[in-house]
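Participant: With the input below, show me the fold.
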Amino acid sequence: MDIVTQWEVVATCERISEAYLLPVLQDMMEQFPFRILGFHSDNGSEYINKTVAQLLEKLRVEQTKSRSRQSNDNALAESKNGAVVRKAFGYSHIPQRFAAPINAFCREYLNPYVNLHRPCLFAKEAVDAKGKVRKTYPHDMVQTPLDKLASLDGVGKFLRKGIAITQLQSKAKAHSDLEAANAMNVARLKLFDLFNRRPKSAA
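Facilitator: This is a model prediction of the structure:
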């Protein structure tokens, strides 16, 4: 989750270990159209290790971690867990072996829908007479992550090599918001049908 544009990439690991995390992390970072400057995670050993540190150092990405028992350190990501991840996948257990088809669904349908078609609220901050920062979410600041990215001054200098903002906008215009949502829902039904399919009995 990018804190400026709210660009979000959803993926899952078959197991919680650096061996499974590293290829998923690389795939997720490639789905961001802009260069990543900082990587903030919780303090689990699957994130805080030499292998991940070497990957981030190669990309010149600064790594920070959450403080223990400070849930607000990841407030934006946690709010998106409910608004996006739980809404898409629910709360029921999904067997680990389905990690690959879930990631394919996220890459092809969920992530493009969330970033190109789904509006997000962006805060407007104002300081009151007592010096306290008040946040409001005005209607005219509701944007998709792509719209927010396009509105940044000098956006071209933030994008990864080979990616142009017009290219992303053309991809968004290829389908209406409703068409993208319907395609995602059809793909999700097929995915959940795969979860609920009974395994074939041993011969």
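
Participant: What residues sit buried inside the lowest-mean-pLDDT helix or strand in the chain?
Facilitator: One helix or strand of the chain scores below all others by mean pLDDT, DSSP states H and E: helix 75-80, with a mean of 80. For helix 75-80, a neighbour-count test (16 or more other Cβ atoms under 10 Å) marks 77, 80 as buried. Placement of C-beta: from N, CA and C, glycine included.

Participant: could you say what helices and strands that helix packs with?
Facilitator: Contacts defined by 3 or more Cβ pairs under 8 Å, 6 or more residues apart in numbering; DSSP states H and E place helix 75-80 against no helix or strand at all.

Participant: so what's residue 66 up against?
Facilitator: Going by Cβ atoms under 8 Å, 6 or more residues apart in numbering, residue 66 touches 40, 41, 42, 43, 73, 74.

Participant: could the residues you listed go into a markdown table alongside distance to residue 9?
Facilitator: Listed next are the contacts of residue 66 as a markdown table, based on distance: Cβ to Cβ, whole Å:
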| residue | distance to residue 9 |
| --- | --- |
| 40 | 14 |
| 41 | 14 |
| 42 | 17 |
| 43 | 21 |
| 73 | 19 |
| 74 | 15 |
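
Participant: Restricted to buried residues, select these in PyMOL.
Facilitator: In PyMOL, selecting the buried portion of those, with burial taken from 16+ other Cβ under 10 Å, looks like this:
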select buried, resi 41+73+74
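
Participant: Which of the contacts of residue 66 lies at the shortest distance from residue 133?
Facilitator: Nearest to residue 133 out of these is residue 73 (Cβ to Cβ; 18.0 Å).

Participant: can you give me the helices in the chain?
Facilitator: 18-30, 50-58, 75-80, 86-89, 99-105, 111-116, 145-151, 165-173, 177-196 (DSSP state H).

Participant: Point out the most buried one among those helices.
Facilitator: Ranked by mean neighbour count, those are led by helix 111-116 with a mean of 23 (mean count of other Cβ atoms under 10 Å).

Participant: Which strands or helices does that one pack on?
Facilitator: In this structure, helix 111-116 packs against helix 145-151, helix 165-173, helix 177-196, with contacts taken as 3+ Cβ pairs under 8 Å, 6+ apart.

Participant: packing partners for the shortest one?
Facilitator: With contacts defined as 3+ Cβ pairs under 8 Å, 6+ apart, helix 145-151 has these neighbours: helix 111-116, helix 165-173.

Participant: Figure out which of those is closest to residue 33.
Facilitator: Going by Cβ to Cβ, the one of the helices and strands packed on helix 145-151 nearest residue 33 is helix 165-173, 6.0 Å.

Participant: Tell me what angle that closest one forms with helix 177-196.
Facilitator: 70 degrees (axes from the mean of the first three to the mean of the last three Cα atoms, to 10 degrees).

Participant: which one of the helices and strands packed on helix 111-116 lies closest to residue 158?
Facilitator: Closest among these, using Cβ to Cβ: helix 145-151, at 7.9 Å.
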